[in-house]
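**Q** task: produce atomic coordinates for the following.
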Amino acid sequence: MLKPTESELEILQLLWKNGPSSVREINDELNKTKEVGYTTTLKIMQIMHGKELLTRTEKGRYHIYTAAISQEKTQGQLLDRFVDATFGGEAMKMVMQTLGNHKASKEELEAIKKLIENLENN
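**A** Here you go, the predicted structure:
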């Protein structure tokens, strides 16, 4: 099971959103919300490449990085870990807590109903 760190997840989210990117492009995006040095971003992305979280190709004198893992698979694994660690593996507890702490809109409730119907029919 992959275990990306918080910093690695930030980079993965940018790659999932923007597609293949250079270290400079990722660093510029990260700096929109917090100050991160270029060499820090470079080092994290090199480590991620070593962990096979990213692939890398050369484009001139630049390396272009691409997420090597899917967003859906990663989110699923992280959610499973979270539910296990926080709710003792009981997804229903998490859903009830979430709905109890968040005023769901009519659209969200309709989407939840459709999800339940799909789950029941499959």
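**Q** packing partners of the helix or strand of the chain with the lowest mean pLDDT?
**A** Least confident helix or strand, the chain: helix 91-101 with a mean of 83, by mean pLDDT, DSSP states H and E. Using 3 or more C-beta pairs under 8 Å, 6 or more residues apart in numbering; DSSP states H and E, the elements in contact with helix 91-101 are helix 71-87. All C-beta atoms are positioned from the backbone trio N, CA, C, and that covers glycine.
**Q** correct me if wrong: L42 contacts R24.
**A** No - here L42 does not reach R24: they are 9.2 Å apart, not a contact under C-beta atoms under 8 Å.
**Q** pick out whichever of the two has more residues nearby.
**A** L42 (15 against 12; other C-beta atoms under 10 Å).
**Q** ok, for that one, nearest residue in space, not its chain neighbours?
**A** Of all residues not flanking L42 in the chain, V23 sits nearest, at 4.9 Å (C-beta to C-beta, 6 or more residues apart in numbering).
**Q** my guess is the one you found meets H63, correct?
**A** Yes - with contacts counted by C-beta under 8 Å, V23 reaches H63, the gap being 6.9 Å.
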